[in-house]
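Engineer: Got a sequence here, can you model it:
(2 chains)
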There are 2 protein chains.
Amino acid sequence: MDKIRRNERMSAMMRLLSGAPNTIFTLSSFCDMFGSAKSTMSEDADLLRAMCTEFDLGEVETVTGAAGGVRYRPVVSRERARATITELCNRLSGSERVLPGGFLYYSDILSTPGIVNRMGEIIATEYYGQEPDFVLTMETKGIPVAFSTANALGVPLVIARHSSKAYEGSAVNINYVSGSGNIETMSLSRRAVKGDQRALIVDDFLRGGGTARGMIDLMSEFNVQVAGMAFVMATTVPEKKRIAGAKALMTLTVKEGDPDLAVVRPADWLLA
Amino acid sequence: MDKIRRNERMSAMMRLLSGAPNTIFTLSSFCDMFGSAKSTMSEDADLLRAMCTEFDLGEVETVTGAAGGVRYRPVVSRERARATITELCNRLSGSERVLPGGFLYYSDILSTPGIVNRMGEIIATEYYGQEPDFVLTMETKGIPVAFSTANALGVPLVIARHSSKAYEGSAVNINYVSGSGNIETMSLSRRAVKGDQRALIVDDFLRGGGTARGMIDLMSEFNVQVAGMAFVMATTVPEKKRIAGAKALMTLTVKEGDPDLAVVRPADWLLA
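Structural biologist: Purely as a prediction, here's the structure:
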């Protein structure tokens, strides 16, 4: 085999690191792959770090210690997050997407990979510090964004269901009050979660907070701590939600007096 | 700004290309980013292509013509696909995951990003040639794999629901016969799909093929052609399914006479 050049090593490392975000790769694994010395790989990692910073492409970090190595996080700068979400808000605002009952059609946004991955990275950026062990969502619409967030955090996704299924094994069921005031059921397989873990709740929509409250209650049944809550969209009405401390990417107002006009704006924390 | 070195350009390109698979980036966009000449960017792309081939990391291709540029596809070699799926089968086989009724618990596998992304890439590799316009799945468990496949193909995901929802707008509903013999409903928003498109159906589980048959019928209501069907797991019984031409990654046999033992094997086409 010819000697492998730095540009080959660095671009291969970039592919591998960004393909498994927030996962530590040992320098030895790269040494084996490229037949290089550890000092060389360490220099490569330093150059990658500088490159990512220069082009606002996320963070490459060297982690020291016994379980040490290199990891990549698709961290999104506040400036880039604001630009992405503002553009999305412009797409969603107006009258074309308003449905009878004041609902907003945005299912397409919630399952287009190019958009979903950016949203997942923005959410993950806010919660790397909390070190969640998994992401929890409630079926169905929030699953892609929750999955993308889990991918960026390098942790599994756990999906709560409306009812228990034979193929999920024994389950914990709880009841909760949904946005429409109905009593509904939320179910999670006993095998899905271990106690003493930390969950990040991610979902597509926050109105009153009933479903989110249900997810918090469900986690307490498993002795799991909720490390944070993030939503793609939160309504401005009701202002008071049943939960506190949630971060939404966008806020939705359907104007009084003009029920066919949706105003979608980036959340305040993104504008700060 | 200092002159940007080839190793920086190439690793930045690799990050951008692999972050938006099967999407064409114009050489001009890279020229603007790095302040380089087109001939230089073209050389960089050639080197990336060679590197990806050497390390079995997918394909970088230069597309010529008016809409030309460079694109990355996370193509998985048959050898690597076989190794990945064989390892997964070993994890799933045995008695630990068998549930009452002969069901297999593998929801964890279906929502762990590191596994799901590999499965999505393997499925996408088989269907790049079909050029689907979107991926269709039926809620819930197959959504992450379907999303990951859509991501690798660079197309949107479309999710059929069990019932129509106010926030999906007007919908097309069809009835289908489920695996358990019940008549069930499948619903898809009118806005989700345009006619004359091509769909790739991706789901987690294939037993009799009733749900898959329903998805095909649903697509014909939208004048959409089905370009292919892929499943994570197919049961060996019944041998005859209601659909033909589907590709599964794994086959599941729950042994007669030993209903607590699951045998999970890579599908034949992966072993060929």
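
Engineer: remind me, longest strand of chain A?
Structural biologist: As assigned by DSSP state E, the longest strand anywhere in chain A is strand A:225-235.

Engineer: Give the next helix or strand downstream of it.
Structural biologist: Of the helices and strands lying after strand A:225-235 in sequence (DSSP states H and E), the nearest is strand A:246-254.

Engineer: Quick one: list the elements packing against whichever helix or strand comes after that next one.
Structural biologist: Downstream of strand A:246-254, the next assigned helix or strand under DSSP H and E is strand A:262-266. Identification of packing neighbours for strand A:262-266 by 3 or more CB pairs under 8 Å, 6 or more residues apart in numbering or on different chains; DSSP states H and E yields helix A:78-92, strand A:246-254. To be clear about C-beta, it is placed using only N, CA and C from the backbone, and glycine gets the same treatment.

Engineer: centre of the chain versus the first one, how much separation?
Structural biologist: In other words, helix A:78-92. Relative to the mean C-alpha coordinate of its chain, helix A:78-92 is positioned 16 Å out (CA atoms, centre = their mean, to the nearest Å).

Engineer: could you give the angle of it to strand A:246-254?
Structural biologist: 30 degrees (axes from the mean of the first three to the mean of the last three CA atoms, to 10 degrees).

Engineer: Report the angle between helix A:78-92 and strand A:225-235.
Structural biologist: Using the same axes, to 10 degrees, the inter-axis angle of helix A:78-92 relative to strand A:225-235 is 40 degrees.

Engineer: Wasn't A:G179 part of a strand?
Structural biologist: No - checked against DSSP: H, G, I helix; E, B strand; the rest coil, A:G179 lies outside a strand; its state is coil.

Engineer: burial count for it?
Structural biologist: By the criterion of other CB atoms under 10 Å in any protein chain shown, A:G179 has 16 neighbours.

Engineer: My guess is it contacts A:R213. True?
Structural biologist: No - using CB atoms under 8 Å, A:G179 is not in contact with A:R213, being 10.7 Å away.

Engineer: Could you look up the SS state of A:A67?
Structural biologist: Following three-state DSSP, A:A67 is assigned to coil.

Engineer: circling back to that earlier point, wondering if the longest strand of chain A reaches chain B at all.
Structural biologist: No - where contact is defined by CB under 8 Å from any CB of the partner chain, no part of strand A:225-235 touches chain B; the two come within 10.7 Å at best.

Engineer: who does that strand pair up with?
Structural biologist: The pairing partners recorded for strand A:225-235 under DSSP bridges are strand A:198-206 (parallel), strand A:246-254 (parallel).

Engineer: Which parts of chain A are strands?
Structural biologist: A:59-63, A:69-73, A:98-99, A:103-104, A:134-138, A:157-160, A:171-177, A:183-189, A:198-206, A:225-235, A:246-254, A:262-266.

Engineer: how big is the angle separating the longest one from strand A:262-266?
Structural biologist: If I follow you right, that is strand A:225-235. 140 degrees.

Engineer: And strand A:225-235, what's buried?
Structural biologist: Buried residues in strand A:225-235, defined by neighbour count with 16 or more other CB atoms under 10 Å in any protein chain shown: A:226-235.

Engineer: And for the first one?
Structural biologist: When burial is assessed from 16+ other CB under 10 Å, strand A:59-63 yields the following buried residues: A:60-61.

Engineer: Quick check: mean pLDDT of it?
Structural biologist: Mean pLDDT, taken over the full extent of strand A:59-63, equals 96.

Engineer: Just the buried residues of the helix ranked longest in chain A, please?
Structural biologist: The helix of greatest length in chain A, counted in residues with DSSP state H as the criterion, is given as helix A:38-54. Neighbour-count burial for helix A:38-54, with 16+ other CB under 10 Å as criterion, is recorded at A:40-41, A:44-45, A:47-49, A:51-52.

Engineer: since we're on the closest residue to A:A152 other than its chain neighbours, how many residues are nearby?
Structural biologist: Closest residue to A:A152 apart from its sequence neighbours, by CB to CB, 6 or more residues apart in numbering or on different chains: A:A124 at 3.5 Å. Here the neighbour count serves as a burial measure; for A:A124 (other CB under 10 Å) it reads 28.

Engineer: isn't A:A124 right next to A:T149, touching?
Structural biologist: Yes - when contacts are counted by CB under 8 Å, A:A124 is listed as touching A:T149 (5.3 Å).

Engineer: Dump the buried residues of strand A:225-235 to TSV, plus pLDDT.
Structural biologist: Formatted as TSV, the entries for the buried residues of strand A:225-235 read as follows, by pLDDT from 0 to 100:
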residue	pLDDT
A:V226	98
A:A227	98
A:G228	98
A:M229	98
A:A230	98
A:F231	98
A:V232	98
A:M233	98
A:A234	97
A:T235	95
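
Engineer: Keep only those of the buried residues of helix A:38-54 that are also close to chain B.
Structural biologist: With CB under 8 Å from any CB as the criterion, the members of the buried residues of helix A:38-54 in contact with chain B are A:47-48, A:51-52.

Engineer: Closest one of those residues to chain B?
Structural biologist: Distances from those to chain B were compared by CB to the nearest CB; the smallest belongs to A:M51, at 4.5 Å.

Engineer: Quick check: A:L110 touching A:G142?
Structural biologist: Yes - in this structure, A:L110 sits in contact with A:G142. The criterion is CB under 8 Å, and the distance is 7.3 Å.

Engineer: any shared contact partners between those two?
Structural biologist: A:204, A:232 (CB atoms under 8 Å, 6 or more residues apart in numbering or on different chains).

Engineer: on that earlier part again, dump the ones next to chain B among the buried residues of helix A:38-54 to CSV, plus pLDDT and distance to A:F134.
Structural biologist: CSV is the format used below for these (pLDDT from 0 to 100; distance: CB to CB, whole Å):
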residue, pLDDT, distance to A:F134
A:L47, 97, 33
A:L48, 98, 28
A:M51, 97, 31
A:C52, 98, 26
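
Engineer: Closest one of those residues to B:G68?
Structural biologist: Within these, distances to B:G68 taken as CB to CB reach their minimum at A:M51, with 25.9 Å.

Engineer: just the helices and strands packed on strand A:262-266: most buried one?
Structural biologist: The highest average neighbour count among the helices and strands packed on strand A:262-266, using mean count of other CB atoms under 10 Å in any protein chain shown, belongs to strand A:246-254 at a mean of 20.

Engineer: mean confidence score for that one?
Structural biologist: If you average the pLDDT over strand A:246-254, you get 96.

Engineer: can you check stretch A:103-115 too?
Structural biologist: Mean pLDDT, taken over the full extent of stretch A:103-115, equals 96.

Engineer: Span of it from start to end?
Structural biologist: According to CA to CA, to the nearest Å, stretch A:103-115 extends 21 Å from its N-terminal end residue to its C-terminal end residue.

Engineer: what comes into contact with it?
Structural biologist: Under CB under 8 Å, 6+ apart, the answer for stretch A:103-115 is A:88, A:91-92, A:97-99, A:116, A:141-142, A:144-145, A:204, A:232-233, A:252, A:254, A:262, A:264, B:20, B:23, B:147, B:150-151, B:154-159, B:166-169, B:189, B:191-192.

Engineer: Show me chain A divided up by domain.
Structural biologist: With automatic domain parsing serving as the domain definition, the record reports that chain A contains domains spanning A:6-73, A:78-271.

Engineer: Quick one: distance of the longest one to the chain centre.
Structural biologist: Pointing back at domain A:78-271 there. From the chain centre to the centre of domain A:78-271 is a distance of 9 Å (CA atoms, centre = their mean).

Engineer: Ok, the first one next?
Structural biologist: Using CA atoms, centre = their mean, the distance from the centre of domain A:6-73 to the centre of the chain it belongs to is 23 Å.
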